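Undergrad: Following is a predicted model, sequence given first.
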Amino acid sequence: MCILGKKIKHSFLTKKAMTFYVSFIVCLLLALSAYSAVPIIKNMSYQYIAAENTHRTRYDLLYFGAEPVSVILEASGDGGEHFDIMPTMVTGDFGIVFPGTGKKANWNIGAEFPLLDPTTLIMRIVVSDSDHTLRYITFGGSIMVLISAGDFVMGSAETPDGMPIFGDEIPEHNIYLDEYYVDTTEVTNAQYRNFTLATGHPDPLGWADPLYNSDPQPVVGVTWDDAVAYANWAGKRLPTEAEWEKASRGGFDGRDFPWEGVLNYTYGNFASVHGYDIWYDTSPVASLAPNDYGLFDMIGNVYEWCADYYHYSFYESSPGSNPLAPEVLDEKTSVTKTLRGGLAMMAFSRAIYDVPQDLVIFRQQPMALLVFDVLRLFPNK
């Protein structure tokens, strides 16, 4: 919408403007129709209603598959360490649920678990179709999805179709990761503004640039230190590079992209205005299709900071369990951090959240000219 506003020079009611507007809406609807057959939870919240002795969970469900979707609840009474409370006395949008907004699941907690303190519970939504089971929480101002513990194959073995392979991407190696939660989207300008207003942290470079500063766009112009400060304020952390790559692959080893096949403009904004990619600059987060973990913009739009120092040869000696590249490796000191994910024009980051409290793509050494970087977060332990 920001780009649309830039392009229109005449009254919105002019024929030229209306033609452009209709074309934009048609493209948007086509993009939504190909959004993905992955069940997506948005706008999740929950509260205890004392007058009714009920715990209410609100959410929106996006889904473009042809089969039914199952929605159940899980609860944690120990701060998110274990989700071992399984509500069954639930009315409303629970069980088989059709896609839509304003969903409500009302748990009669007073009748089912009268000894629980409902004000301390953390809720989790589990949404499933025949191919996916995703667990969502809301934490630190954003929706996060659980990435289960287990092994995955990191790195590259051969050249992706039509793209070069670099020495720092090899060899392929097996990595074990503990479970963690990851933000489903990049951090937005609106979210980052809440941080700067609350803490007095300086605005990032280019904060006033109208090409990149609308609320739903990913925040850009942040340094690695800015990203860490935001993550700490939100109770999260930056992903390790391994966590980022596992999340990006969407549960599939051997993929060159977060989706199957070749470069696909249904999933990524590459500022090329091609297919579903209709943006010259950064797109609002979650404008294109997610991967199979329900994560958006894992390639394209903006680069994303990782926690690791960058070392060209780290993959050759990486630990096999929960690796984090150190500052000094083989007597060589790194002065750069790792970026992943590709970009439209610029970048920031995503955050991570280890269970119960931490969050976490394409390997890339930061270059001097890359002053804009994005972030995606994970919860802290």
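TA: Alright, I've got the coordinates. Numbers count the residues shown, from 1 in each chain.
Undergrad: what's around the closest residue to Pro204 other than its chain neighbours, how many residues?
TA: Nearest residue to Pro204, sequence neighbours excluded (C-beta to C-beta, 6 or more residues apart in numbering): Gly221, at 3.6 Å. C-beta here means a position set from N, CA and C on the backbone, and glycine is covered the same way. Using other C-beta atoms under 10 Å, the number of residues around Gly221 comes to 21.
Undergrad: roughly how far apart are Thr138 and Ala289?
TA: Applying C-beta to C-beta, to the nearest Å, the value for Thr138 to Ala289 is 22 Å.
Undergrad: Looking at the two, which is more packed in?
TA: Higher neighbour count among Thr138 and Ala289: Ala289, with 23 against 20, using other C-beta under 10 Å.
Undergrad: shouldn't the more buried one be in contact with Asn269?
TA: No. Judged on C-beta atoms under 8 Å, Ala289 makes no contact with Asn269 at a distance of 11.3 Å.
Undergrad: wait, isn't Ile125 in contact with Ile41?
TA: Yes. Counting by C-beta under 8 Å, Ile41 is a contact partner of Ile125 at 5.4 Å.
Undergrad: Mind listing the shared neighbours of those two?
TA: Contact with both Ile125 and Ile41 is made by residues 59, 136, according to C-beta atoms under 8 Å, 6 or more residues apart in numbering.
Undergrad: Walk me through the domains of this protein.
TA: 2-33, 34-139, 150-379 (automatic domain parsing).
Undergrad: hey, which of these is tucked in deepest?
TA: domain 150-379 (a mean of 21; mean count of other C-beta atoms under 10 Å).
Undergrad: Centre of the chain to it, how far?
TA: Relative to the mean C-alpha coordinate of its chain, domain 150-379 is positioned 9 Å out (C-alpha atoms, centre = their mean, to the nearest Å).
Undergrad: cool, and stretch 148-159?
TA: The chain centre lies 19 Å from the centre of stretch 148-159; the measure is C-alpha atoms, centre = their mean.
Undergrad: same question for it, mean pLDDT?
TA: Average pLDDT, stretch 148-159: 87.
Undergrad: again with stretch 313-321
TA: In this model, stretch 313-321 has a mean pLDDT of 94.
Undergrad: Pull it out as CSV, backbone CA atoms only.
TA: Taking C-alpha atoms only, stretch 313-321 is exported to CSV below (Å, rounded to 0.1, in the frame of the first residue of the first chain):
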residue,chain,number,x,y,z
SER,A,313,35.5,-22.3,7.5
PHE,A,314,33.2,-22.8,10.5
TYR,A,315,31.2,-25.6,8.8
GLU,A,316,34.3,-27.7,8.5
SER,A,317,34.7,-27.9,12.3
SER,A,318,31.2,-27.1,13.6
PRO,A,319,30.1,-28.9,16.8
GLY,A,320,27.4,-31.5,16.1
SER,A,321,25.0,-30.2,18.8
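Undergrad: now stretch 80-93: how far from the chain's centre is it?
TA: Remark: stretch 80-93 is offset 24 Å from the chain centroid, using C-alpha atoms, centre = their mean.
Undergrad: contact partners of it?
TA: Contacts to stretch 80-93, defined as C-beta under 8 Å, 6+ apart, come from residues 55, 59, 61, 71-77, 103-109, 111-113, 116, 121-122, 124, 135, 137, 355-357.
Undergrad: ok, now with 7 Å
TA: 71, 73-77, 103-108, 111-113, 122, 124, 355-357 (C-beta atoms under 7 Å, 6 or more residues apart in numbering).
Undergrad: hmm, back to that, rank the domains of the chain by mean pLDDT and give me the bottom one.
TA: domain 2-33 (a mean of 35).
Undergrad: Go ahead and confirm Arg211 touches Tyr280.
TA: Small correction: residue 211 is Leu, not Arg. No. Between Leu211 and Tyr280 there is no contact, the gap being 8.5 Å when judged by C-beta atoms under 7 Å.
Undergrad: what about the closest residue to Ile122 other than its chain neighbours, distance to Ala229?
TA: The shortest distance from Ile122 to any non-neighbouring residue, by C-beta to C-beta, 6+ apart, is to Ser76 (4.5 Å). Using C-beta to C-beta, we find Ser76 at a distance of 28 Å from Ala229.
Undergrad: Please, where are all the strands along the stretch 1-150 of the chain?
TA: Assigned by DSSP state E, counting those that start in this stretch, the strands in the stretch 1-150 of the chain fall at 40-49, 54-62, 69-76, 90-92, 95-97, 100-107, 122-128, 133-139, 142-147, 150-154.
Undergrad: Would you mind telling me which of those strands is nearest Glu169?
TA: For Glu169, the closest of the strands of the stretch 1-150 of the chain is strand 150-154, at 9.5 Å, according to C-beta to C-beta.
Undergrad: The helix or strand just after the closest one vs strand 142-147, what angle?
TA: Scanning forward in sequence from strand 150-154 by DSSP states H and E, the next helix or strand is strand 173-177. In terms of direction (axes from the mean of the first three to the mean of the last three C-alpha atoms, to 10 degrees), strand 173-177 departs from strand 142-147 by 120 degrees.
Undergrad: so what does strand 173-177 touch, helix or strand wise?
TA: When contacts are defined as 3 or more C-beta pairs under 7 Å, 6 or more residues apart in numbering; DSSP states H and E, strand 173-177 sits against strand 150-154, helix 241-249.
Undergrad: Contacts only, for the residue nearest to Ile122.
TA: Contacts of Ser76 (C-beta under 7 Å, 6+ apart): 82-83, 85, 121-122.
Undergrad: Try it again at 8 Å.
TA: By C-beta under 8 Å, 6+ apart, the residues touching Ser76 are 82-85, 121-124, 356.
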